[in-house]
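Engineer: Sequence first, predicted model second:
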There are 2 protein chains.
Amino acid sequence: MNVTGHTSRPASIRDVAGAAGVSYQTVSRVINGHPSVKPSTRERVLAAIDELGFRRNATALALASGRSRAVTVLTANTTHHGYASILQGIEESARAASYTMAIGVLESAEEPAVAAAVQRAADAGGGLIVIAYDPAGVRALGAVPAGLPVVGVVETPAGRPDDDRPWVWTDDREAAYEATRHLLSLGHDTVHYVAIPSSTRRTSARTTGWRQALREAGAPEPRPMQGSWGPAGGYKAGLRLAKAPDVTAILCGNDDLALGVLRALHVSGRSVPDEVSVAGFDDAPHSAYLTPSLTTVRLDFTGLGRAAFALLHGVLEESAPIAPHPVSVPELVVRESSGPPPARD
Amino acid sequence: MNVTGHTSRPASIRDVAGAAGVSYQTVSRVINGHPSVKPSTRERVLAAIDELGFRRNATALALASGRSRAVTVLTANTTHHGYASILQGIEESARAASYTMAIGVLESAEEPAVAAAVQRAADAGGGLIVIAYDPAGVRALGAVPAGLPVVGVVETPAGRPDDDRPWVWTDDREAAYEATRHLLSLGHDTVHYVAIPSSTRRTSARTTGWRQALREAGAPEPRPMQGSWGPAGGYKAGLRLAKAPDVTAILCGNDDLALGVLRALHVSGRSVPDEVSVAGFDDAPHSAYLTPSLTTVRLDFTGLGRAAFALLHGVLEESAPIAPHPVSVPELVVRESSGPPPARD
DNA sequence: CTGAAAGCGCTTACAG
DNA sequence: CTGAAAGCGCTTACAG
């Protein structure tokens, strides 16, 4: 059922005007909901619009009005759970607001590549959302020219470069704090940590929360292990941790890392949770179905994406409601992978 | 390092023309690489462009030329492995060709909702790629108005509605055939199948390949079980299959489904692969790290996305090379989850 | 309440 | 090789 059959040029407001017997300015008034149009005229125009299958040309609208109802998201990744969910949340909200959502991937964190990506995104018109969870994203956010509407999705609001761009974040520190406390409360002497890469050189919020819980408990503070984003990094770190007999609890920077750690413990002959407890971060879709199922902290990334768009929408259109900073509360999900430490000899 | 400091209006070709002491048509020639421009003039214009930080306005370009260097992808999902990888492949190629990539999610398969989504995508200008792996996608592909450049990513070229739109696909039939043969060659009497939802009412290519292998081997043909896209559906189907003692081999329509099946077998006390063998489909990132690690068939979805874009690019620009239909060969990846059936009593 | 003009920033013929 | 005109499909003041 193809909307209307014309393979020819789509109808313009002039065509509609002709069909309705009015000037094209009047058509413009009707499609913009301008109040001062005689009801009978409006009827005729509406009928012509319907008959010709008229749709307002978005490109012309953007050029003439200077507004484009478009958002482009700059991100270094589109498939990891957190990133993918944020993108999903943005798309939902954008669609609801009749915005178009474009994606620009930051393939490299090199300054020239990042600058080029930002340029291309700016060229598209409309607003920008940049996911600054990694060095490429952080640089991109920093390279956005002043005056361009942008909101950042950041790892932590603390220690941000001093500017007044709006941003959103999840409380990763609190989440890591809770997960670590859970593990400690089970009786473990301490908790080891396999980190995701940090967005900056500074200590990440997750690391901070983990450390805070250890300090409060007076537990020893092992060096965090540098992981990656995927299971391969977790596997590598897990193999090393498996060799240390005193390691009984491991917190991972995300669920993919935890998956790799679980696998490494398995091939090393260490059983989970009997000998070692493992907890992840994010509650990715597969985590509940692993064996052992994974204890983790659920973060509302989709909601974060929605909040980011709401903020941008507020910047772009005065009429749009400004969303408050999101305070999505992390939720600890206890499953099979965590338990009490083994009895001491 | 913000490109240039002006918060004011960006430079237009008229500004550049003024700075270079030429008419703005000459500027247009220079930025379009038109040959007939005196070298010295070109130099001056280039210098002015550089000095003013001029960037050609994409919206105006699109309106004036009628071409927009934009592709919008219509899809019912953005996070499942296959969909996400296709999106990734399209984005890569689009970026390389200086195209913008927008995403429109098909939230419902209802005809009016699909038609609205197609309209919005068409309004954006540029070309369309629709992922037709599900009813919403299939309908969207069918609802694209004639004359709009579009390529479909389809489940199978067989039985498509009779039109001449270009499309790409992977050889799912062959992949399922190989996976089933692998299981049979291990000594299983037959192979049960947990299906992903089909894009149409017809039998899917994966189901066809599975059945073909069974027939060739003279094996019994159990009814395929209807799953979903995620692990929850696999879990449900797995619980039922676990109850049948004669089930020794299970092929799943994707790796997420297989994850759920593995979990169901575990909670039912059936060990993999000693009692039951399981194989998946797609080789998702986590599959190699599961315990047992998952035997699966790897499909090149990223390459499929690249091919889809190449085809669209060819339609949009005559100069662009037309890609051949992709013949990505499915690759069987044998891991721990498949093995010989248990010895008979 | 409605029409005629100018302009958004470009490109595409048309002149010279 | 380069400039002046018309136009892409709209919106935004300005008139009446």
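Structural biologist: Received the coordinates, thanks.
Engineer: What number of residues are in the vicinity of A:Leu259?
Structural biologist: Residues near A:Leu259, counting by other C-beta atoms under 10 Å in any protein chain shown, number 30. (Glycine included, C-beta is placed from N, CA and C.)
Engineer: for A:Gln88, that is, sorry about that
Structural biologist: Neighbours around A:Gln88, by other C-beta under 10 Å: 19.
Engineer: got the contact list for it?
Structural biologist: A:Thr302, A:Gly305, B:Thr78, B:Thr79, B:Val105 (C-beta atoms under 8 Å, 6 or more residues apart in numbering or on different chains).
Engineer: now do A:Ala179
Structural biologist: If you count contacts by C-beta under 8 Å, 6+ apart, then A:Ala179 has A:Trp210, A:Leu251, A:Ala279, A:Phe281, A:Thr295, A:Thr296, A:Val297, A:Leu332 around it.
Engineer: Nearest to the spatial middle of chain A, which residue is it?
Structural biologist: A:Ile86 (2.7 Å; C-alpha atoms, centre = their mean).
Engineer: Could you list which of the contacts of A:Gln88 belong to helices?
Structural biologist: Counting by DSSP state H, the part of the contacts of A:Gln88 found in helices is A:Thr302, A:Gly305.
Engineer: which one of the contacts of A:Gln88 sits closest to B:Pro245?
Structural biologist: Proximity of the contacts of A:Gln88 to B:Pro245 (C-beta to C-beta) peaks at B:Thr79, which lies at 36.2 Å.
Engineer: The residue of the stretch 101-250 of chain A found nearest DNA strand C: how many residues sit nearby?
Structural biologist: Distance from DNA strand C to each residue of the stretch 101-250 of chain A (C-beta to the nearest atom of the strand) is smallest for A:Asp123, at 9.7 Å. The tally of other residues near A:Asp123 (other C-beta under 10 Å) stands at 18.
Engineer: That one contacts B:Arg55, doesn't it?
Structural biologist: Yes: between A:Asp123 and B:Arg55 there is a contact under C-beta atoms under 8 Å: 5.9 Å.
Engineer: So for A:Gln73, what's the nearest residue that isn't a sequence neighbour?
Structural biologist: Let me fix one detail, which is that residue A:73 is Val and not Gln. A:Ile129 (4.8 Å; C-beta to C-beta, 6 or more residues apart in numbering or on different chains).
Engineer: Checking my notes, that neighbour in a helix, right?
Structural biologist: No: counting by DSSP: H, G, I helix; E, B strand; the rest coil, A:Ile129 is located in no helix; its state is strand.
Engineer: domain ranges for chain A?
Structural biologist: A:13-56, A:69-170+A:301-316, A:172-298 (automatic domain parsing).
Engineer: Go through stretch A:222-230 and flag the buried ones.
Structural biologist: Residues A:Pro222, A:Pro224, A:Met225, A:Gly227, A:Ser228, A:Trp229, A:Gly230 are the ones in stretch A:222-230 that count as buried (16 or more other C-beta atoms under 10 Å in any protein chain shown).
Engineer: got a markdown table for these, with pLDDT too?
Structural biologist: Shown next, in a markdown table, are the buried residues of stretch A:222-230 (pLDDT from 0 to 100):
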| residue | pLDDT |
| --- | --- |
| A:Pro222 | 96 |
| A:Pro224 | 94 |
| A:Met225 | 93 |
| A:Gly227 | 77 |
| A:Ser228 | 86 |
| A:Trp229 | 86 |
| A:Gly230 | 91 |
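Engineer: just those residues now: which is nearest chain B?
Structural biologist: Proximity of the buried residues of stretch A:222-230 to chain B (C-beta to the nearest C-beta) peaks at A:Gly230, which lies at 6.4 Å.
Engineer: Span of stretch A:89-103 from start to end?
Structural biologist: 13 Å (C-alpha to C-alpha, to the nearest Å).
Engineer: Okay, the residue of the stretch 101-250 of chain A closest to DNA strand C and A:Ala102: tell me how far apart.
Structural biologist: According to C-beta to C-beta, to the nearest Å, A:Asp123 and A:Ala102 sit 11 Å apart.
Engineer: ok, back up a step: so which of the contacts of A:Ala179 wins on neighbours?
Structural biologist: Result: A:Leu251 is most packed of the contacts of A:Ala179 (other C-beta under 10 Å), 32 neighbours.
Engineer: hang on, the earlier thing: turn the contacts of A:Ala179 into TSV, columns for pLDDT.
Structural biologist: Shown next, in TSV, are the contacts of A:Ala179 (pLDDT from 0 to 100):
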residue	pLDDT
A:Trp210	97
A:Leu251	98
A:Ala279	98
A:Phe281	95
A:Thr295	98
A:Thr296	98
A:Val297	97
A:Leu332	97
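Engineer: among the residues you listed, which are in helices?
Structural biologist: Those of the contacts of A:Ala179 lying in helices (DSSP H): A:Trp210.
Engineer: Among the contacts of A:Ala179, which lie within strands?
Structural biologist: Among the contacts of A:Ala179, the residues falling in strands (DSSP state E) are A:Leu251, A:Ala279, A:Thr296, A:Val297, A:Leu332.
Engineer: of all these, which comes closest to DNA strand D?
Structural biologist: For these, the nearest to DNA strand D is A:Val297 (46.1 Å; C-beta to the nearest atom of the strand).
Engineer: Relative to B:Pro222, how far out is the closest one?
Structural biologist: 41 Å.
Engineer: How about A:Glu51?
Structural biologist: Distance from A:Glu51 to B:Pro222, by C-beta to C-beta: 55 Å.
Engineer: One more: A:Ala205?
Structural biologist: Applying C-beta to C-beta, the value for A:Ala205 to B:Pro222 is 51 Å.
Engineer: can you give me the helices for the stretch 101-250 of chain A?
Structural biologist: For the stretch 101-250 of chain A, helices defined by DSSP state H, counting those that start in this stretch occupy the ranges A:111-123, A:135-143, A:172-185, A:205-217, A:231-243.
Engineer: Compare those helices and give me the one nearest B:Glu318.
Structural biologist: Comparing the helices of the stretch 101-250 of chain A by C-beta to C-beta, helix A:111-123 comes nearest, at 23.8 Å.
Engineer: OK, now which residue of the stretch 201-345 of chain A is nearest to DNA strand C?
Structural biologist: Taking C-beta to the nearest atom of the strand, the stretch 201-345 of chain A has A:Leu316 as its residue nearest DNA strand C, at 17.8 Å.
Engineer: Show the low-confidence segments of the stretch 1-150 of chain A, by residue range.
Structural biologist: A:1-8 (pLDDT under 70).
Engineer: Please go through the contacts of A:Ala179 and note which also touch DNA strand C.
Structural biologist: Residues of the contacts of A:Ala179 in contact with DNA strand C (C-beta under 7 Å from any atom of the strand): none.
Engineer: Cool, thanks, talk later.
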